[in-house]
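Participant: Build me a model from this:
(one chain, ligands or ions: 1)
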Amino acid sequence: MIQLVLIRHGQSVWNQENRFTGWTDVDLSANGLQEARQAGQILKQNGFLFDAAYTSVLKRAIRTLWLVLDEMDLMWIPVHKTWMLNERHYGALQGLNKAETTAQYGEEQVHLWRRSVDVRPPLLARDDPRYEGNDPRYTGVPAPLAENLADTEQRALVCWNESIAPALRAGRKIIISAHGNTLRALVRYLDQLPSDGVADLNIPTGLPLVYELDDMLQPIRHYYLGVDGELAERTVPDRISP
Ligand SMILES: O=C(O)[C@@H](CO)OP(=O)(O)O
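Facilitator: Numbers count the residues shown, from 1 in each chain. As a prediction, the model looks like this:
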């Protein structure tokens with residue numbers, strides 16, 4: 001049996017302020033720092049070990065991984081950072097308050113922007129100061145102007161197919177520290193969820209999500225992990241922003 005652990009970064013400052021984040025490089029809140037440390041303790045207490053880690057190039061996911069690995073005394077393992085695991089790009093919505101945007105455009109539209117598979121949020125202009133195309137960390141990367149979940153899934157799966165899946169097949173124990181929508185995309189792929197099935201899927205911050213996979217990397221089962229092991233579905237905290 002092959003084991004894979006997914007973790008969404010701890011609460012970020014913009015999660016706390018209820019703002020659309022996307023590729024904006026926001027750090028963890030005090031609560032998020034604590035969630036990340038606690039996740040490391042939970043993994044350690046439950047006997048998990050990792051040979052390698054994958055994360056995005058955004059500090060909320062990187063710092064979460066650092067804190068998890070620190071708690072597990074595994075800071076020495078190889079860490080692969082890639083933009084392909086970045087959060088879904090939120091286009092011109094990045095930085096806006098979610099409640100104010102809902103008041104302006106209506107719940108239905110905002111829900112489509114947030115949770116549909118194929119609707120893209122409004123595009124960012126290339127001369128917008130928020131455009132990431134000129135950031136050195138994205139040299140050679142086709143910086144998006146906005147993404148839907150399908151776009152995010154496509155690039156996350158390049159990383160999965162080229163790097164993560166071969167490492168899992170080679171017997172490596174892997175943790176992926178990423179973002180709400182990158183993880184929704186990976187879960188949608190692994191569990192072969194239909195578009196309407198993924199709309200309701202929300203992954204809480206800072207809680208390890210364990211996948212048990214067969215040799216073909218097909219999921220046998222998955223569960224969230226608490227201090228005392230597997231969490232019952234109904235006790236999984238709903239830590240998404242409203
Ligand atoms: O703002 C974002 O980038 C994401 C994750 O926090 O929000 P949403 O829940 O709308 O996908």
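Participant: After the helix or strand where residue 103 lies, which helix or strand is next?
Facilitator: In this assignment (DSSP states H and E), residue 103 forms part of helix 98-105. Counting by DSSP H and E, the next helix or strand C-terminal to helix 98-105 is helix 107-115.
Participant: Which other helices and strands does that next one contact?
Facilitator: For helix 107-115, the contact count by 3 or more Cβ pairs under 8 Å, 6 or more residues apart in numbering; DSSP states H and E identifies helix 98-105 as packing neighbours. Every C-beta, even on glycine, is put in place using the N, C-alpha and C of the backbone.
Participant: do the helix holding residue 103 and the ligand meet?
Facilitator: No: Helix 98-105 is not in contact with the ligand by Cβ under 6 Å from any ligand atom; minimum separation 6.7 Å.
Participant: buried sites along that helix?
Facilitator: Of the residues in helix 98-105, those buried under the neighbour-count criterion (16 or more other Cβ atoms under 10 Å) are 98, 101, 102.
Participant: Then stretch 38-51?
Facilitator: Of the residues in stretch 38-51, those buried by neighbour count under the rule 16+ other Cβ under 10 Å are 38, 39, 40, 42, 43, 48, 50.
Participant: gap between the two ends of that stretch?
Facilitator: Taking Cα to Cα, to the nearest Å, stretch 38-51 runs 20 Å from one end to the other.
Participant: can you list contacts of that stretch?
Facilitator: Under the contact criterion Cβ atoms under 8 Å, 6 or more residues apart in numbering, stretch 38-51 has outside partners 3, 5, 7, 10, 64, 67-74, 77-78, 167, 172-175, 206-208, 225-227, 229.
Participant: Does the strand or helix carrying residue 183 reach the ligand?
Facilitator: Assignment of secondary structure by DSSP H and E places residue 183 within helix 180-190. Yes: Helix 180-190 comes into contact with the ligand (Cβ under 6 Å from any ligand atom), by way of 180, 181.
Participant: Against which helices or strands is that helix packed?
Facilitator: Under the contact definition 3+ Cβ pairs under 8 Å, 6+ apart, helix 180-190 sits against strand 2-8, helix 149-159, strand 174-178, helix 195-199, strand 209-213.
Participant: Check what pLDDT residue 241 gets.
Facilitator: pLDDT, residue 241: 46.
Participant: what about residue 237, how many residues close to it?
Facilitator: For residue 237, the number of neighbouring residues by other Cβ atoms under 10 Å comes to 12.
Participant: Residue 126 and the ligand, how far apart?
Facilitator: Distance, residue 126 to the ligand, using Cβ to the nearest ligand atom, to the nearest Å: 20 Å.
Participant: Tell me who's in contact with the closest residue to residue 19 other than its chain neighbours.
Facilitator: Once flanking residues are discounted, residue 19 sits nearest to residue 97: 5.5 Å by Cβ to Cβ, 6 or more residues apart in numbering. In this structure, residue 97 makes contact with 17, 18, 19, judged by Cβ under 8 Å, 6+ apart.
Participant: let's see 10 Å
Facilitator: With contacts taken as Cβ atoms under 10 Å, 6 or more residues apart in numbering, residue 97 has the following neighbours: 14, 17, 18, 19, 20, 103, 104.
Participant: about what we covered before: any buried residues in the helix holding residue 183, and which?
Facilitator: Judged by neighbour count (16+ other Cβ under 10 Å), helix 180-190 contains these buried residues: 180, 181, 182, 183, 184, 185, 186, 187, 188, 190.
Participant: Surely residue 211 is in contact with residue 175?
Facilitator: No: counting by Cβ atoms under 10 Å, residue 175 is not a contact partner of residue 211; they are 11.1 Å apart.
Participant: No further questions, thank you.
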